[in-house]
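Asker: Provided below for reference: sequence and predicted model.
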Amino acid sequence: MTIEALSLTAPGKRLVFTARDPARVAFEEEVAPGAPAVPVHLHRTQAETFTVLDGVLELDIAGAARRLGPGQCVIVPAGVPHTYRNGGDGVLRIAVALTPGAGAEWFFAGIYALGRTGRLPPRGLGDALALAALSHRHGFYLAGLPLVLQRPLMALGAALAAMAGVRTAS
């Protein structure tokens, strides 16, 4: 898969890349009111910076709820569980940066493709294997299950996805 156009769309969301290199992947994301929250997750090796451009961002970082408005910024360190959603009635516009970049654009391309085709949340084994392969390949994990268990489970899911020919779009 290639990312010719530097934008991705899925129901209730639009993402436009502004930087894509090994040191930093950055994008602006629009989140419609009522769009589902991003699942609680963590990036094993990347810090994630959120800057609100317009609207209200609701974040939960390691169990602590925060509400940010235009001009406000927060950095989520690598390995810290977090989630976010649109906390207002209008469109939320945020600037997001992941450092290091480490190919994170391919993770987002895969996630957006799964969302666009109705495969998120996973509706079957193939969808779950595709998600496991993406997560394992890019170091993005769901919070809640210890990494010491989740990493080998995601690796197994990635291997099974490859054996079964499950496409992950990245």
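Answerer: Thanks, I have it.

Asker: next, the buried residues of the longest helix along the chain.
Answerer: The longest helix of the chain (DSSP state H) is helix 147-164. Neighbour-count burial for helix 147-164, counted by 16 or more other CB atoms under 10 Å, picks out 150, 151, 154, 157, 158, 160, 161. Any C-beta I mention is one placed from the backbone N, CA and C, and that applies to glycine too.

Asker: what is that helix packed up against?
Answerer: helix 125-138, strand 140-142 (3 or more CB pairs under 8 Å, 6 or more residues apart in numbering; DSSP states H and E).

Asker: one step back: and the buried residues of helix 147-164 as CSV, adding distance to residue 105?
Answerer: Below are the buried residues of helix 147-164 laid out as CSV (distance: CB to CB, whole Å):
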residue, distance to residue 105
150, 23
151, 22
154, 20
157, 22
158, 19
160, 25
161, 20
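
Asker: name the SS class of residue 14, please.
Answerer: The three-state assignment at residue 14 reads strand, by DSSP: H, G, I helix; E, B strand; the rest coil.

Asker: okay, which residue is most central for this protein?
Answerer: What sits nearest the mean C-alpha location of the chain, by CA atoms, centre = their mean, is residue 108, with 5.9 Å.

Asker: re earlier: put the alpha carbons of the longest helix of the chain into CSV.
Answerer: This file holds the C-alpha atoms of helix 147-164, laid out as CSV (Å, rounded to 0.1, in the frame of the first residue of the first chain):
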residue,chain,number,x,y,z
LEU,A,147,2.7,-6.2,27.7
VAL,A,148,4.6,-9.3,28.8
LEU,A,149,1.5,-11.2,27.7
GLN,A,150,0.2,-8.9,24.9
ARG,A,151,3.5,-8.8,22.9
PRO,A,152,3.7,-12.6,22.3
LEU,A,153,-0.1,-12.8,21.6
MET,A,154,0.2,-10.0,19.0
ALA,A,155,3.2,-11.7,17.5
LEU,A,156,1.2,-15.0,17.3
GLY,A,157,-1.7,-13.0,15.7
ALA,A,158,0.7,-11.4,13.2
ALA,A,159,2.1,-14.8,12.2
LEU,A,160,-1.4,-16.3,11.9
ALA,A,161,-2.5,-13.3,9.8
ALA,A,162,0.5,-13.8,7.5
MET,A,163,-0.2,-17.6,7.2
ALA,A,164,-3.9,-17.0,6.5
